[in-house]
Each structure stands twice: as C-alpha cells, then as structure tokens.
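Peer 1: Dropping the sequence and predicted coords here.
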Amino acid sequence: MKIRDVMTPDIDVVSPDDKLRTAARLMADLDFEALPVGEDNKLVGTITGRDIAVQIVADGGDPEATTVNQAMPTDPL
C-alpha cells in the first residue's frame, strides 16, 4: 500500500489572508481541529483551534479582524 492510497485527494485549505472566523467556521463545518494554510498552490503552514483560542481570543483579539497569518505559528517545526 502506498501513502497516496490513504490520502484525501481534495483537501480544504485556508489562505494566510483569510480571517480567523473563516478558518474557525471551516474547522467547525469539517469537524477538524487543524487546517493547512496554502498560498499559490504551496503549503505555507497550519492553523489550529488552539492557535486561534490561545494566541488571539484569550488576549482579546478579534477573530473578524485578525488574519490566519497573524495567528499561525511562524516556525511550525
């Protein structure tokens, strides 16, 4: 068996410029805790519900005004 045999072929991604509310809504709709962040057909990072809650909302940030880029880890490794 090859990895491609178990991978999901069509994935949902968010853009770094999307608002956090958009990312959170997509996470809720898909029942996922994390989403890939893509730009120009390249993976540029990931965003999690925890990133949104701890990095932004807990500090009083506005998920309607904050972008995915502002909340996602700058060095995912």
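Peer 2: Looks like it arrived, so ask away.

Peer 1: Pick out the residue nearest the middle of this protein.
Peer 2: Here the mean C-alpha position of the chain is nearest to the C-alpha of residue 47 (CA atoms, centre = their mean), at a distance of 3.2 Å.

Peer 1: what's the neighbour count on the nearest residue to that residue once chain neighbours are set aside?
Peer 2: Sequence neighbours aside, residue 72 is the residue nearest to residue 47 in space, at 4.5 Å (criterion: CB to CB, 6 or more residues apart in numbering). Placement of C-beta: from N, CA and C, glycine included. The tally of other residues near residue 72 (other CB atoms under 10 Å) stands at 22.

Peer 1: re the thing from before, is the residue nearest to the centre of the chain in contact with residue 32, as I believe?
Peer 2: No - between residue 47 and residue 32 there is no contact, the gap being 10.4 Å when judged by CB atoms under 8 Å.

Peer 1: Please report how far the residue nearest to residue 16 when sequence neighbours are not counted lies from residue 5.
Peer 2: Excluding its sequence neighbours, the residue lying closest to residue 16 (CB to CB, 6+ apart) is residue 69, at 3.7 Å. Relative to residue 5, residue 69 is positioned 33 Å away (CB to CB, to the nearest Å).

Peer 1: more crowded one of the two?
Peer 2: Shown here are residue 69 and residue 5; by other CB under 10 Å, residue 69 has more neighbours (17 against 6).

Peer 1: residues contacting the more buried one?
Peer 2: When contacts are counted by CB atoms under 8 Å, 6 or more residues apart in numbering, residue 69 is found next to 16, 17, 37.

Peer 1: thinking again about what came up before, just to be sure, the residue nearest to the centre of the chain is in a helix?
Peer 2: No - using DSSP: H, G, I helix; E, B strand; the rest coil, the assignment for residue 47 is strand, not a helix.

Peer 1: Any idea what it is bridged to?
Peer 2: Beta-bridge partners for residue 47, by DSSP bridges, are residue 35.
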